[in-house]
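[1] Sequence first, then the predicted structure:
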Amino acid sequence: MAAVSTAAFVDSHRSSSDAELARALVETAGGLALSMRDEGLETGQKTSVSDVVTNADTAAEDFVAGALEALRPDDGIVGEEGATKASTSGRTWVIDPVDGTYNFASGSDYFCSALALVEGEASDPARILTSAIHRPALATTWVADNGTATRNGRTLEQLIDAPLPHLALATYLHPTSMKDEAIRGAWLDATNSAATVRMFGAGSIDLATVASGGIGGWLQHSVADWDWLPGKALVEAAGGKAVKADAGGVTWCIAGNRQLVNEVLAKLEQHG
């Protein structure tokens, strides 16, 4: 079985900055998950057939949480798979060991490991101090730190304002939400003027791609903190806008260049 030596990792990163540690954590966690998939996964359901968890998710989160316990003992931890620790420093690491688990378990390369270090409450942080997203199948890592966004060490260009009809919009609407007239109406109004719409299934990669200029914007409702904060930091560091808005009875996360986001917000406001 694939394994990672947490002790060796800790010894190698005792002097690492938060950004260096964030990058190393997601790269190691993502590599562990990919190796475990190559050996064969154990998969179970959470709330539905598309909401799944694998033994790689839990192993990757256990590694990240264990490393943080040793290297940042005063910081809090919130993980998708249940890792939790109260903060005494005012800082919390928000962890998504495998984002896009359904894709991951199905053999797709559209998955990643992601995390964000925040100041304040994870649900409403005062600021995001650093974040990292690693897509192991493509050996690509994004980091946001100190107002700068990078991909594999290269600074991302700042996002340029452009209208929604000129750009693609990454989004997601679960089939069960399509039955809700209020949610469906808000979503359709917000997306129907985009140049095209794409659903990929891993929010952190979507947001990293938005920050990199590979897709125009992103829209999804009821997003978990670990699916939002790592990519939000990247988009903002790349000069974009990443905000929340209530419409159709749910809370939406919207990200992209400022013009696109403002256009989507205006549409959602009609359903507020």
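    That came through, no problem.

[2] so what's the residue positioned nearest the centre of the chain closest to, chain neighbours aside?
    For the chain, the residue sitting closest to the mean C-alpha position, by CA atoms, centre = their mean, is Ser204 at 2.9 Å. With CB to CB, 6 or more residues apart in numbering as the measure, Ala114 is the residue that lies nearest to Ser204, at 4.0 Å, once sequence neighbours are left out. Every residue, glycine included, has its C-beta placed from N, CA and C.

[3] Would you confirm that the residue nearest to the centre of the chain contacts Pro230?
    Yes. Here Ser204 reaches Pro230: they are 5.2 Å apart, a contact under CB atoms under 8 Å.

[4] shared neighbours of these two, anything?
    96, 114, 133 (CB atoms under 8 Å, 6 or more residues apart in numbering).

[5] out of these, who has the most neighbours?
    Across these, neighbour numbers were computed from other CB atoms under 10 Å; Ala114 holds the maximum, 37 neighbours.

[6] tell me what the helix or strand where that residue lies is packed against?
    Using DSSP states H and E, Ala114 sits in strand 112-119. The contact analysis (3 or more CB pairs under 8 Å, 6 or more residues apart in numbering; DSSP states H and E) places strand 112-119 against helix 18-39, strand 91-99, strand 127-135, helix 203-211, helix 225-237.

[7] Where does pLDDT dip in this protein?
    Applying pLDDT under 70 to the predicted model, the residue ranges of the chain that meet it are 1-3, 46-52.

[8] Using the record's assignment, carve it into domains.
    Residue ranges of the domains in the chain are recorded as 6-155, 164-271, according to the TED database.

[9] Go through those domains and pick out the most buried.
    Of all the domains of the chain, domain 164-271 carries the top mean neighbour count, a mean of 21, counting by mean count of other CB atoms under 10 Å.

[10] next one: it to chain centre, how far?
    For domain 164-271, the distance between its averaged C-alpha position and the chain's averaged C-alpha position is 13 Å (CA atoms, centre = their mean, to the nearest Å).

[11] re earlier: so in terms of bridging, what pairs with the residue nearest to Ser204?
    The partner list for Ala114 in beta bridges (DSSP bridges) reads Asp96, Ile133.

[12] Distance check, it against His134.
    Counting by CB to CB, to the nearest Å, the gap from Ala114 to His134 is 7 Å.

[13] From the chain's centroid, how far away is the strand holding Ala114?
    The chain centre lies 7 Å from the centre of strand 112-119; the measure is CA atoms, centre = their mean.

[14] residues contacting Thr43?
    52-55, 105.

[15] Taking those residues, tell me the two that lie furthest apart.
    The widest separation within those, taken as CB to CB, falls between Val52 and Asn55 and amounts to 11.3 Å.

[16] now Gly44: how far from Val264?
    When distance is defined by CB to CB, Gly44 is 35 Å away from Val264.

[17] Kindly confirm my reading that Ala59 is in a strand.
    No. With DSSP: H, G, I helix; E, B strand; the rest coil as the criterion, Ala59 is located in helix rather than a strand.

[18] you'd agree it is up against Leu34?
    No. Taking CB under 8 Å as the contact criterion, Ala59 and Leu34 are not neighbours in contact, 11.7 Å apart.

[19] who touches both of Ala114 and His134?
    Taking CB under 8 Å, 6+ apart as the contact rule, the neighbours common to Ala114 and His134 are Val26.

[20] closest to Glu81 among the contacts of Thr43?
    The shortest gap between Glu81 and any of those belongs to Val53, at 6.6 Å (CB to CB).

[21] partner residues bridging that closest one?
    In beta-bridge terms (that is, DSSP bridges), Val53 pairs with Gly44.

[22] could you measure it against Val10, distance?
    As for Val53, its distance to Val10 is 26 Å (criterion: CB to CB).

[23] Kindly report the same for Gly185.
    When CB to CB is the yardstick, Gly185 and Val10 sit 51 Å from each other.
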